[in-house]
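Chemist: sharing a model prediction with you, sequence too.
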Amino acid sequence: MRTHLAQITLLTFAVAVLATTPALPQDAPSPEKILREVEAAYKALDTYKAEGTVVSDIEMNGRKTATETTFSILLKKPNLYLITWTANMGMPGMDQTGAVWSDGTQPYLSMGLGTAAGGKSYSKMQRDDMALASATGISDGAAFTVPSLFLAAFKNQPSLSSELKNAKLEADEKVGEEDCYVVSGATAASKKEVYWISKSKHLIVKCMRSLESPEGGRAMPELTDAQIAETIKTMGQEVTEASKKRVKEMMKSAAETAKTANLKGSSTETHTNVSSPELAAKDFQYAPPGATLRDSPFGFGAKEPQPPAPSAAGENPAAVGPAGYVLDRAAFAAQLAAARDDKERLVILAKRWNLVMLAVAFCDVVENMPFHSAMAQRRSGFLVTGGWSHRAAGDLRKPVVNPNGGAILVEGDCLADVKIANGPLVYIYGDLGATLEVTGQCEVIVGGSIREGAGIEGDGIVQTFVGGDVAGFIRNRGSSMSWVHGSVTGEIGTGNPSTRLHVMGDFSGTLYPVGEASLLYLDVRGFMPSAVIEKTAAARYTEFNASIGESDQPRGFYPAGGMRVGEGSWAIHRRRVAGEPKI
């Protein structure tokens, strides 16, 4: 088995089968002997330098996408490395650069992600194997294929000759000027891998990995508590029971996605200009141009200077709410009301969306990354699913049914029903004025409000952000986190095993279990009547904890006389009687 992080990232690679196989020479060496010679050749080298490309053709649930990554590699034993890459995501201006490096004193990783203040970031990593494993997926394998055969950081990595099962010698081929052996076989992560190996140097010139699962399927690695904690620290997060639970949920979801994604295609990595020059530690000292050192490779942490206070229209500093982010609903409402036509309205919605996503970024950090797919897409411009399965350039007025999953983008109001299974992302720039039905794991972001009679029906792990009010409904049978920037006058249906709800405005709607009453954690920053709180508590949740900004009862802890089994507990921070202005 590979190291746990390498296993996870290698699930995204593999190889197409050659249609014909010409006869092999009678004196050809065995594939096992060739692979052992490869291992010995890399072991004998003190340095390695190469350039190259990785071309990936991916098909998932019938949707196809292609990417090309260029890379450069410098390696020196035992553990000096500098690997840089640029991934062309197939969209203008969306190239993603990254790097992983160490001069022997400290490993670093740059994932090419942007920061809230603009620019790029990089971070320190705890260990070399963590840094290289974290870089494997985003470099399309360039940080793994040869480095895993060369560096001491991979000393626990199984040998190539033992990892490639049922190895077979294919017909010889020429790659560039190199005459090559061609060896193929299956691995724990791939149905088939093929290696083109230089006959003269015994080094890998090219490899191709199939994205299809091996027979029996891919086995997701089981992480120990220590490995989970290490993963959380790598992401710049605090290790808590909640964050550990979140990682386990992500792993479970990834395993389910791997089973149902119907992934096909291949990834082909080619090395050129291969040499073994004299290298010193200074050759591995590096800092990404214009990047800022951060606590986390995901682009957040205390080391980044704060951005200047916003001043443009729609970014009024006085609109900073209790959450601490800027989303001036009143300013945008006035602009939308004054819009002369749909074209102008859509421009305003797009402008507001930028601030909505900043609010989502805040929520993502506070809530231990419930919007990891949305943030990855926002920072890189790339969807792991390969593209939007449905995109409406304005209002959506015709129903959408997508049983095979995929991301949905509505750049106006959603006015027709949408039904999607295992859809990773749903973006609605405007209001939701129909029913959105989602299953599996999904992140839903509504820039405007959920109108009366409209709402979200979920059955799975559903994370929701609403930039306006909820006059309709949000109901989910599974685990959920919902963040409402405005007020709730509609209904919230909670699921099992847990529901977390944040409301920045007032709550005067209804809150009830869709099925079995389980765990409910409620945060209302505005006003919530005590009668609504008590009615919610009467549902006898397994655990009900609430923090209420204002209510019609005195500040303090409730229920009076202490918590009794099945009642839950809540804190009221300020009493406000009817007609009294907010503060």
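Modeler: In hand now; what should we look at?

Chemist: number of nearby residues for Ala546?
Modeler: 22 (other CB atoms under 10 Å). The C-beta positions use only the backbone N, C-alpha and C, and glycine is treated the same way.

Chemist: might one say that it is in contact with Trp570?
Modeler: Yes. Using CB atoms under 8 Å, Ala546 is in contact with Trp570, at 3.7 Å.

Chemist: joint contacts of those two?
Modeler: Leu522, Ile533 (CB atoms under 8 Å, 6 or more residues apart in numbering).

Chemist: and Ala359, what element?
Modeler: helix 342-366 (DSSP states H and E).

Chemist: what helices and strands are in contact with that helix?
Modeler: helix 329-338, helix 372-380, strand 435-446, strand 455-466 (3 or more CB pairs under 8 Å, 6 or more residues apart in numbering; DSSP states H and E).

Chemist: got a markdown table for these, with mean pLDDT and distance to Lys76 too?
Modeler: Below are the helices and strands packed on helix 342-366 laid out as a markdown table (pLDDT from 0 to 100; distance: least, CB to CB, whole Å):
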| stretch | mean pLDDT | distance to Lys76 |
| --- | --- | --- |
| helix 329-338 | 84 | 55 |
| helix 372-380 | 78 | 30 |
| strand 435-446 | 94 | 42 |
| strand 455-466 | 95 | 44 |
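
Chemist: which among those is found nearest to Pro107?
Modeler: helix 372-380 (21.6 Å; CB to CB).

Chemist: between strand 455-466 and that closest one, find me the angle.
Modeler: 50 degrees (axes from the mean of the first three to the mean of the last three CA atoms, to 10 degrees).

Chemist: so helix 372-380 versus strand 435-446, what angle?
Modeler: Using the same axes, to 10 degrees, helix 372-380 lies at 50 degrees relative to strand 435-446.

Chemist: what is the subsequent helix or strand relative to helix 372-380?
Modeler: Downstream of helix 372-380, the next assigned helix or strand under DSSP H and E is strand 388-392.

Chemist: buried residues in the helix or strand that that following strand is followed by?
Modeler: Using DSSP H and E, the helix or strand that follows strand 388-392 in sequence is strand 400-402. Neighbour counts over strand 400-402 (16 or more other CB atoms under 10 Å) mark Val400, Asn402 as buried.

Chemist: now for strand 400-402, which elements pack on it?
Modeler: Against strand 400-402 (3+ CB pairs under 8 Å, 6+ apart) you get strand 388-392, strand 418-421.

Chemist: including mean pLDDT and distance to Glu269, could the ones you listed go into JSON lines?
Modeler: Below are the helices and strands packed on strand 400-402 laid out as JSON lines (pLDDT from 0 to 100; distance: least, CB to CB, whole Å):
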{"stretch": "strand 388-392", "mean pLDDT": "85", "distance to Glu269": "28"}
{"stretch": "strand 418-421", "mean pLDDT": "91", "distance to Glu269": "33"}
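
Chemist: please parse the chain into its domains.
Modeler: 29-214+266-281, 383-572 (automatic domain parsing).

Chemist: average pLDDT for the longest one, rounded please.
Modeler: For domain 29-214+266-281, the mean pLDDT works out to 87.

Chemist: gap between the one helix or strand Ser148 maps to and the chain center?
Modeler: For Ser148, the host element (DSSP H and E) is helix 147-150. Distance, stretch centre to chain centre, for helix 147-150: 27 Å (CA atoms, centre = their mean, to the nearest Å).

Chemist: restricting to C-alpha, output it in CSV.
Modeler: Provided in CSV are the C-alpha atoms of helix 147-150 (Å, rounded to 0.1, in the frame of the first residue of the first chain):
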residue,chain,number,x,y,z
PRO,A,147,10.5,11.7,-6.9
SER,A,148,9.0,8.6,-5.3
LEU,A,149,11.8,6.5,-6.9
PHE,A,150,14.6,9.0,-6.0
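
Chemist: who does Asn402 bridge with?
Modeler: Ile420 (DSSP bridges).

Chemist: pretty sure Ser198 is touching Val205, no?
Modeler: Yes. Ser198 lies in contact with Val205 (CB under 8 Å); the separation is 5.3 Å.

Chemist: list residues touching both of the two?
Modeler: Glu178, Cys180.

Chemist: more neighbours: those two, which one.
Modeler: Using other CB under 10 Å, the more surrounded residue of Ser198 and Val205 is Val205, with 26 against 21.

Chemist: can you add distance to Glu344 and give the domains of the chain back as CSV?
Modeler: As requested, these are arranged in CSV below (distance: least, CB to CB, whole Å):
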stretch, distance to Glu344
domain 29-214+266-281, 25
domain 383-572, 12
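
Chemist: what residues of stretch 525-533 count as buried?
Modeler: Arg525, Gly526, Phe527, Met528, Pro529, Val532, Ile533.

Chemist: the spatially closest residue to Asp46 that is not a sequence neighbour: what's it in contact with?
Modeler: Leaving out its chain neighbours, the residue that sits closest to Asp46 by CB to CB, 6 or more residues apart in numbering is Lys77, at 5.6 Å. Going by CB under 8 Å, 6+ apart, Lys77 touches Leu45, Asp46, Thr47, Phe150, Leu151, Ala152.
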